[in-house]
Each structure stands twice: as structure tokens, then as C-alpha cells.
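Peer 1: Structure of the sequence below:
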Amino acid sequence: MTTHPEKKSPSTKEKYSEGTNFVESGIEANTALFTLIILAPFLSLLFAFLTSPEMESQYPGMATSPVTMATHCWRDMKTCGSNVWDAGVSVTPNGEAMRFIGGFTGVALLLPLAVKVKSITNNNHNQQVTVTMTTHPEEKPPSSKEKYSEGTNFVEAGIEANTALFTLIILAPFLSLLFAFLTSPEMESQYPGMATSPFTMATHCWRDMKSCGSNVWNAGVSVTPNGEAMRFIGGFTGVALLLERMLPGSIEYGPETATGHIPAYVDNGLRHCIVFTLLFITGSNFGANFYDFGIFYDTFTGSVAFLNIFGMIFCAGLTMKGLYYPSTQDCGSSGSIFKDYLWGTELYPRIFGIDLKRFVNCRFSMTYWQLAGLSYCYRSYTLHDNTIDWGLFFSALSQYLYLVKFFLWEMGYMRSIDIIVDRAGFEIQWGCLVWVPSVYSLHTRFCVQNPTHLSFSTAFALFLLSMAGVVLNYLADRERDIFRATSGKTPVWGKPPKYITAEYETTDRTTGITSTKKSLLLASGFWGMARHFQYFFELTAAWSWCALANPVVNGVLPLFYACFLTYLLIDRAERDSKKCHAKYGVYYEEYCKLVPYKIVPGLY
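Peer 2: Purely as a prediction, here's the structure:
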């Protein structure tokens, strides 16, 4: 298809660009400085305390001995964190300080009014001068940045480009520990009933921020690894690795990258799902009795703490591998080691033939989420006098079936933005190792200590709604897969499909040869209603699962997963749109005219 895009009025983004004096961001574009911006308000209070008389009286000589302070902190991080928090929040406004700042500012405002500044205008030199310069730049080899650009598959950033999500990334390791504590037996024993009353917690925190901050810190750092949890995670991972190697399947391929690489996979996801489930049941007290079926809940706090540490080290290894031992040409450094660590340095890392992204994202992360819900349901049953919690039961069942659908569609996931755009860095790999077990199962794990009290009929109705979302999500993904597999020759909803044949270029980084490729952009069926209509169905399921936790009784905390996923998918749709504009250019602009909405038809 050949298109001739019409001249259009400048977009909001273009108008914004016109008024930015050649730049569109400040120091927040630098991830290290942005992190400092987030921490700066508290750091300013802490620095004030460190140079105050109170510091010298409470901790004599410590301000001049930072190494000694660091040693004490390393030995007892819990106490150190509490002391640092207490020091910062102890710095509060007072009347004398406010009067001084008011007077200081007042004088500064009055001085410009009191001093007359004479303006001199030279009328003899008011001519406008225009300088026109023509340059003939010499041809030069591509810079490191240009080489990096060639290996990014049409994008140069992940979710860290979104400041809200970047802030969440920085806080995520501690939040994962805090969520583990909030759903643990320790939370219920130390703060009975508080988990279901977040507004009450917030009120207490507002009244006494110093004590609240200390309690929150202590709760998070109390979640530590233990032997049982590490053995369970080790065994779980070992079984997943064996199945990855042993289970047969046909060879399927992902989309070609900008450097011409075509990833290949063994399509055995559904077999993995079935076999792993049977092995887990057989090894539990329902079979060989190697462990209790509720082991996911019993070891959760220790597992998350261990995975946190392991995940950070693992991502550091991935960063180095992408820089020095990449598996494909889709690799390189951004020039910032911080960004390299967060987003990654390699798109398709493999070790001993194992695709690390698929193993972590699917075989570990999704399997853990799938079986955890069943394990939580069983632990709730044993804790509450062998009573079935219908809200928890139907939530766990729906999520299990959703993930059966995921493994059935796994090859479709291997062609999604998580795989073909986002590199193997902290955002994706740590996220799947820690954030998915911690947050994606939060609403079901929460119900172990806090029953939903939903009736069978109410829970079943929400279950049906969630399954409608699951089924429609699968049908939408399946529709596009069939369309691509048949090169657009299969009818969609009984009619010949509308689509755009888009061209794009790939460059082999070794030979420098550029090739023109084609893709078909479907604009019929589900994909004619919105560019990511499948996200709407996924969110329908997610909100239904959280509703099954009965937030009316259990408070708003179980809604965190649905809120997070909503924001994440909106950001993902936006990033995918930018990637497609960069990849397909005018072809994608024509496609957007046919399908103007991103997720919800008529709304967004």
C-alpha cells in the first residue's frame, strides 16, 4: 500500500515542542538525578539534622565518622532505618524560623522596587541581522549512541521513561516486602484488623508520622529469607528448568527484529502448565506428602525476600552479559549504567540454549502465580475450620484458568511488547521474579487472613464476569494470530478483513545491509474496534478478581493489583503506539485513522 499523508495541523506535542526552546525536559530526563529529586525533600531534612546541635547531643562524634555510621547500619539495618527516619521527621517548622524566612523574603521583594534600573536603548544598532550558514558535514562512522539505537528494536526506553512508573520501580523492592508483611500471619497478630482498614492506618500515620514511619520500615525489613523458602524456590525453579529441557513441542518463531534476528522457541507451554500442576499436586500432602499444599503461603515472606536479593544480582549479571557476551545483535549500552541496569542491555539473552526472558517471565513467574492462588485457597480452608471461602475459591479458579489460557497462547506472548521491545533488565526480569508473585497474587493472598464473606451466588456471578473477560481476551489474541498465520486470507467475523500492508526496514549490524520487510496491520473484528481492545478484557478479569476479595469488607488494599495493571496497560499501549510510529511511519498513521481508539472504543 502506498500512502500520501495529508498535511495536518500541529499536534499538542508539536505545539509543546515549539515553546520549549529546543528541549522538552529538564534534569528529570536523567534517571539518577530524577531519583535524587524524589528523595531530595527528605534528604534536605536529614542534612539539616546532621548539622544541628541535636545531632551532636544525641550522636556525639558520629557526623564526622560516616564509615562508623555505615558499619552500624550494616550490622543492624532495622534500627538504623528507624533512626534515620526519626532524625528526618524530627525536623519540623517553628515560629521563629517562619518569621525569619518571611522577613528575608520580604526584603528580597522590596529591593527591586526601591532600586531604579535605567534601561539604555541604542537606536543606531537596532537592525535585525540574519546569518545563514551552510555546512557540509564530513561522513563519519556511527557513534556508540547510534550503534545502541540500531539494537533497540525501534525504541530506546522502557517503563522508566514514565516518571510515575519509574518512581514505583525505585520503591518496588521495599513495597514487595511490605505487601508480604501485610498479608502475613505476623501482620494479623501484631496489628489485628488494620490490614482491612487502610484509612484508619492513614489517620494514625497522619497523627504520628514519626512512629508510623518507624513501624512501616520495621515491617518491611522484618521480611527476611529463610531456609525453607529458599529450598522451595530452588526446587520450584529446578522442576521448571527440567520441564523446559524435556518437554517436546513444535518450533515457532517470534517477529524479526530491527537487526534481522528471528527468535525461535519450542512451543510446549501448555504441556508445561499441565505437567507442573500434576507434579505439584502429586508431591503435596494430597500425594507423596513431601510438603503441604499450602506451602506457597507458608513460605511466601521468605520467598519474596530471597527473590528480591537474587533478582537484583541476576539483573546485574544480565547487564554485564548484554555488554560483553550478547546472544544477538539486539544489544548495547545507553551510555548510562543506571539505565542499562533498569532497562537491560540485551533483547534476547540465552544461556546454554535457554531463553532467559521466556523462562523467567513464563515458566517461573506465571507458573508461580497460577499455583499460588490454589495454595492460598487451601491454606484459608485449613485456617478457618475447613470452611470454603467462595470469593477466594472462585478468584483462584478464574486466575488458574486465565493462566491455562496464557500458556495455550504463550507464542502470542512471545510476540508482545514485553518480549519484542523491553530488554532483559531489572524492570522486566526482577518484575517477573518478585513483583508478579508479590502484587499479582496480592488480592488472593490477602484473603487467607481476611475472609471475603461473599455468598456462593455473588462470588459465582463475579467469577462468570471474570471468565467472560478471560475468554474474550483469548478470542481477540487468537483472531490476530490466525490473521497473521494466513497472511490475511481468513475472514474476520464472516467478512474479508480490512488491513494495511506496512513496510519497514531492518539493518544487519555486521554487514550493514538494509532490507525492506512487510507486516499486516489488522483493522477488522476486535482489532477494528480499538488497537488494544484485548487489554479491556484483561482489565475486566483483573477488576473482577479484586472484587472477589470483597473490598467493601476488606478495604481498598486488594484493589492495588487492578489499579496497577490499569495504569501499566495504558502506558504499554502508549509505548506500543510510539514504537509502531517509529517502525511503520506513514503506514501506521493510516492505520490509526482506521482504528482511532487505543483500548476502549469511543472513549480512549
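Peer 1: what number of residues lie near Ser327?
Peer 2: The number of residues packed around Ser327, counting by other Cβ atoms under 10 Å, is 19. Every residue, glycine included, has its C-beta placed from N, CA and C.
Peer 1: Can you tell me how far the nearest residue to Asp508 once chain neighbours are set aside is from Gly322?
Peer 2: The spatially closest residue to Asp508, leaving aside those adjacent along the chain, is Gly260, at 4.9 Å (Cβ to Cβ, 6 or more residues apart in numbering). Gly260 sits 18 Å away from Gly322, taking Cβ to Cβ, to the nearest Å as the criterion.
Peer 1: more crowded one of the two?
Peer 2: Neighbours around Gly260 and Gly322, counted as other Cβ under 10 Å, are more numerous at Gly322. The numbers are 26 against 19.
Peer 1: by contact count, what packs against the host helix or strand of that one?
Peer 2: Following DSSP states H and E, the helix or strand that holds Gly322 is helix 300-324. Using 3 or more Cβ pairs under 8 Å, 6 or more residues apart in numbering; DSSP states H and E as the contact criterion, the elements in contact with helix 300-324 are helix 163-182, helix 227-246, helix 337-343.
Peer 1: try 6 Å this time
Peer 2: Other helices and strands packing on helix 300-324, by 3 or more Cβ pairs under 6 Å, 6 or more residues apart in numbering; DSSP states H and E, are helix 163-182, helix 227-246.
Peer 1: so which of the ones you listed gets nearest Pro451?
Peer 2: Proximity to Pro451, assessed across those by Cβ to Cβ, is greatest for helix 163-182 (16.0 Å).
Peer 1: Follow the chain on from the closest one and name the next helix or strand.
Peer 2: Next element after helix 163-182 (DSSP H and E): helix 185-190.
Peer 1: Can you name the next helix or strand after that next one?
Peer 2: Helices and strands here follow DSSP H and E; after helix 185-190, the next one along the chain is helix 198-207.
Peer 1: Show me the shaky parts of this protein.
Peer 2: The chain contains residues with pLDDT under 70 at 1-32, 34-35, 95, 98-99, 102-103, 106, 109-160, 509.
Peer 1: what sits up against stretch 486-503?
Peer 2: Defining contact as Cβ atoms under 6 Å, 6 or more residues apart in numbering, one finds that stretch 486-503 is touched by 1, 482, 516, 518-525, 584, 587, 590-591.
Peer 1: all helices for the stretch 501-604 of the chain, in order.
Peer 2: Using DSSP state H, counting those that start in this stretch, the helices found in the stretch 501-604 of the chain span residues 526-529, 533-547, 551-554, 560-584, 586-594.
Peer 1: okay, those helices, which one's buried deepest?
Peer 2: helix 533-547 (a mean of 22; mean count of other Cβ atoms under 10 Å).
Peer 1: That one to helix 560-584, inter-axis angle?
Peer 2: Helix 533-547 and helix 560-584 meet at an angle of 170 degrees, taking axes from the mean of the first three to the mean of the last three Cα atoms, to 10 degrees as the criterion.
Peer 1: Show me what helix 533-547 is packed against.
Peer 2: In this structure, helix 533-547 makes packing contacts with helix 456-485, helix 560-584, judged by 3+ Cβ pairs under 6 Å, 6+ apart.
Peer 1: And the ones you listed: which comes nearest Trp545?
Peer 2: Distance to Trp545, taken as Cβ to Cβ, is lowest for helix 456-485 among the helices and strands packed on helix 533-547, at 5.9 Å.
Peer 1: tilt between the closest one and helix 533-547?
Peer 2: Angle of helix 456-485 versus helix 533-547, following the same axes, to 10 degrees, is 160 degrees.
Peer 1: thinking again about what came up before, now the helix holding Gly322: buried residues?
Peer 2: Applying a neighbour-count criterion of 16 or more other Cβ atoms under 10 Å, one finds 300-308, 310-311, 314-315, 318-319, 321-322 buried in helix 300-324.
Peer 1: Centre of the chain to it, how far?
Peer 2: 15 Å (Cα atoms, centre = their mean, to the nearest Å).
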